[in-house]
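>>> pasting the sequence and the predicted model now:
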Amino acid sequence: MEYFAGIDVSLRSCALCIVDGKGKVLLERELPCEVSDITKCLAEFAHPIERVGFEAGTMRQHLYFDLTAEGFDVVCMEARQVNAALSAMRNKTDKNDARGIAQVLRTGWFSPVHMKSREAHGVRASLSTRKA
């Protein structure tokens with residue numbers, strides 16, 4: 001059986017949801033948005049996680065690279081597609097969004113977003129600063 005983890009990232013915390021290959025919710029948890037806390041929660045889960053996913057947005061770069069460094073298969077999904085899938089939900093909460101992200105990840109109905117390297121982001125910041 002495969003297991004998928006969806007993460008909804010907000011300013012102060014993250015909602016995490018793990019579903020199995022059939023879509024059954026196995027774990028839902030609210031966590032601080034720190035890589036160490038997310039990694040600990042995923043590592044303590046009884047089964048190996050096939051894929052971890054979240055929608056693209058600002059400040060997602062550190063999550064992507066740090067979770068990848070911890071050995072997880074991480075996917076950053078196109079925000080418009082995830083938003084369209086989640087718009088059918090009645091209750092818009094972080095917990096429900098994480099559940100929806102995990103289901104989108106399980107079904108494979110998403111487009112992955114290319115995550116630029118940290119060096120590329122540094123060069124971009126330097127160029128923006130110079131222009132300003």
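Received it, and whenever you're ready, just let me know what you need. Given the structure is predicted, the values throughout are model-derived calculations rather than measurements.

>>> for this structure, what spans make up the strands?
According to DSSP state E, the chain carries its strands in the segments 3-9, 13-20, 25-32, 51-55, 74-77.

>>> can you put those strands in CSV and add mean pLDDT, mean neighbour count and distance to residue 44?
Every residue, glycine included, has its C-beta placed from N, CA and C. Output for those, formatted as CSV (pLDDT from 0 to 100; neighbours: other Cβ atoms under 10 Å; distance: least, Cβ to Cβ, whole Å):
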stretch, mean pLDDT, mean neighbour count, distance to residue 44
strand 3-9, 96, 24, 12
strand 13-20, 95, 22, 11
strand 25-32, 95, 14, 9
strand 51-55, 95, 24, 14
strand 74-77, 95, 21, 18
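
>>> distance to residue 91 added to the ones you listed, as a markdown table?
Converted to a markdown table, the strands of the chain look like this (distance: least, Cβ to Cβ, whole Å):
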| stretch | distance to residue 91 |
| --- | --- |
| strand 3-9 | 13 |
| strand 13-20 | 13 |
| strand 25-32 | 14 |
| strand 51-55 | 18 |
| strand 74-77 | 21 |
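
>>> quick one, which of those is nearest to residue 119?
Evaluated over the strands of the chain, closeness to residue 119 peaks at strand 74-77, with 17.6 Å, by Cβ to Cβ.

>>> residue 60: neighbouring residues, count only.
18 (other Cβ atoms under 10 Å).

>>> check contacts around it.
9, 54, 76, 115 (Cβ atoms under 8 Å, 6 or more residues apart in numbering).

>>> any idea how far the closest residue to the second one other than its chain neighbours lies from residue 129?
Once its chain neighbours are removed from consideration, residue 54 has its nearest residue in residue 7; the separation is 4.3 Å (Cβ to Cβ, 6 or more residues apart in numbering). The gap separating residue 7 from residue 129 is 31 Å, by Cβ to Cβ, to the nearest Å.

>>> quick check, central residue of this structure?
Centroid-nearest residue in the chain: residue 54, 2.2 Å away (criterion: Cα atoms, centre = their mean).
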